[in-house]
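Student: sequence first, then the predicted structure:
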Amino acid sequence: MKNVLRFFCALSLLASVSVFSQEKDSVKVEVKAKKDTANVAKPKDKKPEKIQPYEKVITSKAVSDDGIITVHKVEDKYFFEIPDKSLKKEFLVVTRLTKAGAEMRSGFSGYAGDQISQNVISFEKGPNDKVFVRSVSFVDYAKDSTSAMYNTVMRNNVNAIEYAFDIKAFGKDKKSTVIDVTDFINADNDIVSFDTRFKKGFKVGSFQKDKSFVNFVKSFPTNIEINTTKTYNRGAGESSPIPGAPKPEVSGNYTVEVNSSIVLLPEDKMQARYFDPRVGYFTVGYTDFDLNPQGVERVSLIKRWRLEPKPKDVEKYKRGELVEPAKPIVFYIDPLTPKKWIPYLIQGVNDWQKAFEKAGFKNAIYAKLPNPKDDPEWSLEDARFSAVVYKPSDVPNASGPSISDPRTGEILESHINWYHNVMKLLNDWYFVQASPNDPRARKVDFDDELMGELIRFVSSHEVGHTLGLRHNYGSSSTVPVENLRNNAWLKTNGHTPSIMDYARFNYVAQPEDKINVDNLMPRIGDYDNWAIEWGYRRFYNYDSPEKEKAYINKWTIEKLQNLRLWFGTETNPYDPRSQSEQVGDNPMIAGKYGVKNLQRVIDNLEAWSTKPNEDYSVLADRYNQVSGQFARYLGHVAKYIGGVMETPKTVEQKGAVYELVSKAEQKEALKFLNDYAFTTPNWILKTSVLDKINRTPVDVVSNLQNGVLNRILMNGVLENLNKGEAIDANAYALFDYLQDLKTSIFSELKTSSKIDIYRRNLQRSFVDNLLSKTDSPAGGSIIRIGGSDNSDVKALVRGTLRDIRNEAAKAASQYSDSVTKYHLEDLVYRIDKALEVK
């Protein structure tokens, strides 16, 4: 190559030489150049090195950010420099929307702060100079890594390789590996974007890479934050409700801002605690192949925060002294929350401090606004920080989810969703349940002080969920109804032992009781204190969940002698003690008091629910709230029919786990339904209200009565009554129940009384409901909804229908009232046609 350069220099100096000489010299030089370069590989033939020197990849232009994984930005590319010590470590990845797309919102989804994916991953070196990203599964588990069982479990649970990266360079000290993650983070995948399962709900279509970009990537000591702007076609979401119909066409795009937090899971695992169905906690779980040498066990661990004394205070804690935790639970309030509600949200969090004192910790939980001086790294999207996120949503609700370590149940963070329109829900609830006792609720718009108190209550409830607590629908059923009218008793105990109940407000109290307004609202109670103590108290003399199990069982048995500490799950459809929106231990008595208060509301509804220069939309909504509340009271009572009570126990406890609701209680419930539902509830048919809100009396009554019939004639209810005879000779027999129900609904036939339009509708609904329990051709189709062919249910239903048919046919000839006569003849026709009577 040097000779070639000399040749070009010579050309410039010998410009006057003859053309012949130039050509001759040129040929000589060219030949020599070919000889000199004959053994040198041509650039196009040279195979580029796959792994480059560190300086060629991470150049002087790099902007670097040190942390658990160092992040380098080189012009428009992003690199991860993964230390060898971080390889094969488990990282929790949580991805959320930080800015939602315009017109993306639908129901509960589509808001800033919404979680859109969650995974556990690990990085590891692979062959061919690759770094793999594996998704980590915790479905199956074996503890002893030296055992054959462990090896066979691992052999059958290989973690999937989700992504592969070429190694671009090794670190300067050769103890780290550099990979290019640009295309990975600016892409549509389950880790840093929408999980496939979420796409339909968020109505997200295909990814538009040319309209997407990376905003920033930051690294911290235990986590990495990736923030991107992504654009998608608008998807159709869920399929059309009409079978076979095409999905609705959509056009345009969604552009969203997405934040993915990659957080190192604790290497010092928190000691887990086994779930116990007698105390209501959310759980994580896996199948364990070690616990039972003769089989497998499904292990459930409770979700809870890691609360531990500071090392210097461990001995104090063991002695029973209150100590501050090494790391308290801190909730940050979204700075965009309206200022007037912030103190109430904070107080709702701080109210749990007393409960944690039962577990031995003071100042264990608190809320605050983020302060740039005290919290310079704080970000609403950073998965290291928990927050109450305010969402400009018309959804009338709030929710308290949490993110936990799937290996131990340790809660790592929570983002409480606080939807703006939850205030509409609070207004509705408090108006319909408390306005007879609280004058502040007797208007359309509540004062800020009252709304603030209601916000505080919901805040505490949602925080309870983030602490691991499930709903306790059974808590209020432990309170004698008459105590709910006793101001002194309520001051000490509250109207329900748990804020995690859906007891809402004290609707039993009557105006003449002069109950203080503080005693109408829920507050953290005896059950909540016990549940926190049960889940969070540390037992240092036991170093594993297996070893503490016997002690905790004994402790739980002793504590549960106090009925107020009882937990009633929200998932049992037949236990009348576990009900949403119920207060008191007897819904028949509580319902009577509740109806009295609803009658007071109806009498004043127009005065309390209208404003000058406005239409009647508030009046209509509040009438629906009254009707809905009345339906709840009927539903509480209806659950007694065919009821089976469930009380979880260990073998050390005496008594049955499952018990039938007594015949006396079921007959009491049926009488209530006859008196308040089947007998037309004329009190709710206030004409001066109905003629302003486009509701007809017939529709109001039919909706209420049909709701009751659908519940008390459910297939499961009928089967429970049928099977109950084999369990208890004194049980409420299905035959007796159907006869009692028939007598109640067709009571006019005994006295030949006129049957009005409300009762005619009720009787037709009853007959149609029974017909749906048979295999008879009704309405041109075969309905197969009832019990199995080996059950008595269908036989008894058919027999009851024949009884109704015969009684109606006989009574029809005795009526001079044509409408009643035609109605009864129509019932005979329907039953004959359905049962194919010749």
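Tutor: Great, that's in hand. Numbering: from 1, shown residues only.

Student: so where do the helices sit in the stretch 551-700 of the chain?
Tutor: Along the stretch 551-700 of the chain, counting by DSSP state H, counting those that start in this stretch, helices occupy 587-608, 617-638, 663-673, 687-693, 697-712.

Student: mind putting those in a markdown table, mean neighbour count and distance to Ile365 included?
Tutor: For every residue, glycine as well, the C-beta is placed using N, CA and C. Shown next, in a markdown table, are these (neighbours: other C-beta atoms under 10 Å; distance: least, C-beta to C-beta, whole Å):
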| stretch | mean neighbour count | distance to Ile365 |
| --- | --- | --- |
| helix 587-608 | 19 | 33 |
| helix 617-638 | 20 | 33 |
| helix 663-673 | 19 | 41 |
| helix 687-693 | 13 | 45 |
| helix 697-712 | 18 | 40 |
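
Student: wasn't Val214 part of a strand?
Tutor: Yes - looking at Val214 with DSSP: H, G, I helix; E, B strand; the rest coil, it is inside a strand.

Student: related to what we said a few turns ago, can you put the helices of the stretch 551-700 of the chain in CSV and add mean pLDDT and distance to Phe108?
Tutor: Putting those into CSV (pLDDT from 0 to 100; distance: least, C-beta to C-beta, whole Å) gives the following:
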stretch, mean pLDDT, distance to Phe108
helix 587-608, 98, 29
helix 617-638, 97, 20
helix 663-673, 98, 34
helix 687-693, 95, 28
helix 697-712, 97, 25
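
Student: how about these, which one is nearest Glu321?
Tutor: Nearest to Glu321 among the helices of the stretch 551-700 of the chain is helix 587-608 (42.9 Å), distances taken as C-beta to C-beta.

Student: by contact count, what packs against that closest one?
Tutor: helix 422-434, helix 617-638, helix 663-673, helix 687-693 (3 or more C-beta pairs under 8 Å, 6 or more residues apart in numbering; DSSP states H and E).

Student: can you list the weak-confidence ranges in this protein?
Tutor: Applying pLDDT under 70 to the chain flags the ranges 1-49, 107, 139-157, 236-250, 289-293, 295, 775-789, 837-838.

Student: per-domain residue ranges of it.
Tutor: Structural domains assigned to the chain are 2-45, 54-264, 311-608, 632-835, following automatic domain parsing.

Student: so which of those domains is the most packed in?
Tutor: domain 311-608 (a mean of 19; mean count of other C-beta atoms under 10 Å).

Student: quick one: terminal-to-terminal distance for that domain?
Tutor: 59 Å (C-alpha to C-alpha, to the nearest Å).

Student: quick one: the helices in the stretch 101-250 of the chain, in order.
Tutor: According to DSSP H, counting those that start in this stretch, the helices that the stretch 101-250 of the chain contains are 148-155, 182-185, 196-202.

Student: what's the answer for the stretch 351-500 of the chain, then?
Tutor: For the stretch 351-500 of the chain, applying DSSP H, counting those that start in this stretch gives helices covering 353-358, 422-434, 448-466, 487-493.

Student: CA atoms only: put the last one into CSV for me.
Tutor: Written as CSV, here are the backbone C-alpha positions of helix 487-493 (Å, rounded to 0.1, in the frame of the first residue of the first chain):
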residue,chain,number,x,y,z
ASN,A,487,-74.8,4.2,71.2
ALA,A,488,-72.5,3.2,74.1
TRP,A,489,-71.9,-0.3,72.8
LEU,A,490,-71.2,1.0,69.3
LYS,A,491,-68.7,3.6,70.6
THR,A,492,-66.6,0.7,72.1
ASN,A,493,-67.1,-1.9,69.4
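
Student: any idea which residue sits dead centre in the protein?
Tutor: In the chain, the residue lying closest to the centroid (C-alpha atoms, centre = their mean) is Pro401, at 6.4 Å.

Student: isn't that one right next to His415, touching?
Tutor: Yes - assessed by C-beta atoms under 8 Å, Pro401 is found in contact with His415 at 7.0 Å.

Student: give me the common contacts of those two.
Tutor: Gln115 (C-beta atoms under 8 Å, 6 or more residues apart in numbering).

Student: tell me the contacts of Tyr551?
Tutor: Contacts of Tyr551 by C-beta under 8 Å, 6+ apart are Phe539, Tyr542.

Student: before we move on, back to that, need the helices of the stretch 351-500 of the chain in JSON lines with distance to Val657, can you?
Tutor: Below are the helices of the stretch 351-500 of the chain laid out as JSON lines (distance: least, C-beta to C-beta, whole Å):
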{"stretch": "helix 353-358", "distance to Val657": "28"}
{"stretch": "helix 422-434", "distance to Val657": "33"}
{"stretch": "helix 448-466", "distance to Val657": "26"}
{"stretch": "helix 487-493", "distance to Val657": "28"}
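
Student: of those, give the one that comes closest to Lys175.
Tutor: helix 448-466 (39.1 Å).

Student: which elements pack onto that closest one?
Tutor: Helices and strands touching helix 448-466, as assessed by 3+ C-beta pairs under 8 Å, 6+ apart, comprise helix 342-350, strand 398-399, strand 415-419, helix 422-434.

Student: what pairs with the third one, parallel or antiparallel?
Tutor: When you say that, I think you mean strand 415-419. When sheet partners are counted by DSSP bridges, strand 415-419 sits next to strand 386-391 (parallel), strand 398-399 (antiparallel).

Student: out of those strands, which gets nearest to Ala812?
Tutor: Of all these, strand 398-399 comes closest under C-beta to C-beta, at 55.1 Å.

Student: and the closest one, how far out from the chain middle?
Tutor: 9 Å (C-alpha atoms, centre = their mean, to the nearest Å).

Student: also stretch 502-521?
Tutor: Relative to the chain's own centre, stretch 502-521 is displaced by 29 Å; criterion: C-alpha atoms, centre = their mean.

Student: got the contact list for that stretch?
Tutor: Outside stretch 502-521, the residues touching it (C-beta under 8 Å, 6+ apart) are 429-430, 433-434, 436-438, 440, 453-454, 457, 471, 473, 475-476, 481, 484-487, 490-491, 494-496, 522, 570, 580-584, 590, 593-594, 596-597, 600, 629.

Student: what about that stretch, start to end distance?
Tutor: Using C-alpha to C-alpha, the two ends of stretch 502-521 sit 11 Å apart.

Student: next: stretch 643-651.
Tutor: 24 Å.

Student: over to stretch 410-419?
Tutor: Start-to-end span of stretch 410-419 (C-alpha to C-alpha) is 27 Å.

Student: use 33 as the first number from now on
Tutor: Got it, the first residue is 33 from now on, which makes the last one we talked about stretch 442-451.

Student: still on that earlier bit, what residues are up against the nearest residue to the residue nearest to the centre of the chain once chain neighbours are set aside?
Tutor: Of all residues not flanking Pro433 in the chain, Ser446 sits nearest, at 6.5 Å (C-beta to C-beta, 6 or more residues apart in numbering). Contact partners of Ser446, counting by C-beta under 8 Å, 6+ apart, are Phe363, Ser418, Ala419, Gly432, Pro433, Ser434, Ile435, Thr498.
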